[in-house]
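1. okay, structure incoming, though there's no sequence with it:
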């Protein structure tokens, strides 16, 4: 089983790029504090590289900025590539399947001005594409069918 759940702060603004076929890809680093302090009483952090694709990439790129707390779920993946200097480089990163807000930030508006002059739609939880109603249906005020 390969499953990762992290909560931490973004070390810088996420960077979104698109593949040649137009698929969104966002890379970012999450700083996660360790559970215990070291001998000097300082809680160290681990800096974990992450990559998200498609709607999740667009969601993270639009709504998260440096310092913002984020919760992610995904898998650890390793890969290698040949650098320009001819050496083989190895990368370990979290491939993000889901992302969500962890803190309540009144400034959780999109980073771009694509919604200038209008109220942006609420962000979809986990970065999923869940339609205009966010995947929910309106509840009726009819309490007659309740079993209690």
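-> Here it is on my side, so go on. Predicted model, so just to flag it, every value in this text is computed and none were measured.

2. for the residue positioned nearest the centre of the chain, list each beta-bridge partner.
-> In the chain, the centroid-proximal residue (C-alpha atoms, centre = their mean) is residue 99; its distance is 3.9 Å. For residue 99, the beta-bridge partners under DSSP bridges are residue 72.

3. so it touches residue 55, yeah?
-> No - Residue 99 is beyond contact range of residue 55, at 10.3 Å (criterion: C-beta atoms under 8 Å). Where you see a C-beta, it was placed from the backbone N, CA and C, and this is true even at glycine.

4. picking up where we left off before, for the residue nearest to the centre of the chain, report the pLDDT, please.
-> pLDDT for residue 99: 97.

5. which residues does it contact?
-> Going by C-beta atoms under 8 Å, 6 or more residues apart in numbering, residue 99 touches 52, 56, 59-60, 64, 70-73, 126-127.

6. which two in those residues are spaced the farthest apart?
-> 64 and 73 (14.9 Å; C-beta to C-beta).

7. which residue ranges of the protein form helices?
-> For the chain, applying DSSP state H gives helices covering 54-63.

8. OK, contacts around residue 49?
-> Applying C-beta under 8 Å, 6+ apart, the residues near residue 49 are 27-29, 91-94.

9. let's see the ChimeraX selection covering just the buried ones among those residues.
-> Typed into ChimeraX, the line below selects the buried ones among these, using 16 or more other C-beta atoms under 10 Å:
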select :27,28,93,94
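
10. which of the contacts of residue 49 fall in strands?
-> 27-29, 91-94 (DSSP state E).
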